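Participant: Provided below for reference: sequence and predicted model.
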Amino acid sequence: MKQRTISCLVALLVLGGLTACNQAANDQTSSDPGSAGAASARALSDLAWTPPALAEEDWQEPDGREVIQRHVDFMQAQQELMTEALVSYEAVQESGQKLHFDLLQRMAVRKPDKLHWVTLHDDGTIDSAWLSDGRFTLLKQPANIWGQIDAPPSISLLVDRLQDEYDLDVPFGNLLARDPEEPLLGEDVMEVWWVGEAWVEGHWTDHVAVRRPGVDFQLWVRKGDEPFVAKLAIVYTEEEGQPVYVARFRQWATSVPEAITDFTFAPPVDAEEVEVVPVTDR
């Protein structure tokens, strides 16, 4: 029930409609074990846990670098993208104990200069952001406060500016960077290797591991014509306790729903505008 409620809430925030909630209600109505809906749900569940056989004829072990390059080239070729992911990350305490936190994130992109994302934290707080018409806006709920800054002319430049000047991480910013190859295939990468094939989020994937100073990456890249990342894991090897970040991408699309094609921000009722100050000026 909790996960259904969370998914419904984020769908409302991002899509601005009731479609996702209506679907959730229908799913709940069909929870009777004897209903046709329940039978369909069991069938879908069985399908998710019964991956189709992989072709063995003329099989050759993939090269890890080629898998990553195929993914990067595909992502850069897309003019619109939308994704939803369940994210977990660790925060290392002074005692050495690791605390585990979860996020539900949805992001929509229209290149070169439109972006929208929603992050639902596991404490119930929500961050929503918009990039459109040369302005970047961040809204925080339930505090009901928002702020704006002038934005650079592209998403990749915004990612850099928010990280460098405002200490704000854009969800999946490495996928939107000016040079997404650099952290995975750059000169300081020490090792890239293909681990194997894995069934992740309903797709067969190529599991690739990357080592570079300070960071270990693992990517699970979908096989086929749409080599999206199905799962991403990062270990920060030079930070105390080596915290881990994991994102499981539940959905990908190469077009943005009509409901949010304007990417514009409208302040909620009684919302308070606050000044956004770079970290260096605080």
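Facilitator: Nice, thanks for sending it over.

Participant: from here on, contacts and neighbour counts on C-alpha atoms
Facilitator: Noted.

Participant: residues in contact with P180?
Facilitator: V72, N174 (Cα atoms under 8 Å, 6 or more residues apart in numbering).

Participant: what about it, which SS state?
Facilitator: Using DSSP: H, G, I helix; E, B strand; the rest coil, the structure places P180 in coil.

Participant: go on, F74?
Facilitator: What three-state DSSP gives for F74 is helix.

Participant: Relative to A177, how far out is it?
Facilitator: Going from F74 to A177 by Cα to Cα, to the nearest Å gives 14 Å.

Participant: Which of those two has more residues huddled nearby?
Facilitator: A177 (17 against 14; other Cα atoms under 10 Å).

Participant: Now P227: closest residue in space, sequence neighbours ignored.
Facilitator: H71 (5.2 Å; Cα to Cα, 6 or more residues apart in numbering).

Participant: how many neighbours does that neighbour have?
Facilitator: 20.

Participant: Ok, M107 next?
Facilitator: Neighbours of M107 (other Cα under 10 Å): 22.

Participant: That one bridge partners, please.
Facilitator: Following DSSP bridges, M107 is listed with bridge partners T83, W117.

Participant: contacting residues around it?
Facilitator: Taking Cα under 8 Å, 6+ apart as the test, what M107 contacts is M82, T83, E84, L115, H116, W117, V118, P171.

Participant: who's in contact with the second one?
Facilitator: I take that to be T83. Counted by Cα under 8 Å, 6+ apart, T83 has contacts R106, M107, A108, F249, R250, Q251, W252, A253.

Participant: do the same with the fourth one
Facilitator: Shown here is L115, whose contacts under the criterion Cα under 8 Å, 6+ apart are M107, A108, V109, A129, W130, L131, S132, I155, F263.

Participant: repeat that for 7 Å
Facilitator: Neighbour list for L115: A108, V109, W130, L131, S132, F263 [criterion: Cα atoms under 7 Å, 6 or more residues apart in numbering].

Participant: Kindly tell me how buried A143 is, as a neighbour count.
Facilitator: 11.

Participant: SS state for it?
Facilitator: Secondary structure, three-state DSSP: A143 is coil.

Participant: next one: A259
Facilitator: Going by three-state DSSP: A259 is helix.

Participant: Over to the one 3 residues further on?
Facilitator: Going by three-state DSSP, the secondary structure assigned to D262 is coil.

Participant: Measure how buried it is and give me the count.
Facilitator: Around D262 there are 11 residues (other Cα under 10 Å).

Participant: mind checking how far the nearest residue to A209 once chain neighbours are set aside is from A143?
Facilitator: Nearest non-adjacent residue to A209, counting by Cα to Cα, 6+ apart: Q218, 4.5 Å away. Q218 sits 36 Å away from A143, going by Cα to Cα.

Participant: Any idea which residue is closest to the centre of the chain?
Facilitator: Most central in the chain under Cα atoms, centre = their mean is A85, positioned 4.6 Å from the mean C-alpha point.

Participant: Now do the contacts for it.
Facilitator: A85 makes contact with L104, Q105, R106, A247, R248, F249, R250, according to Cα under 7 Å, 6+ apart.

Participant: give me that answer again for 8 Å
Facilitator: L104, Q105, R106, A247, R248, F249, R250, Q251.

Participant: among these, who's most crowded?
Facilitator: R106 leads these on contacts (other Cα under 10 Å) with 26 neighbours.
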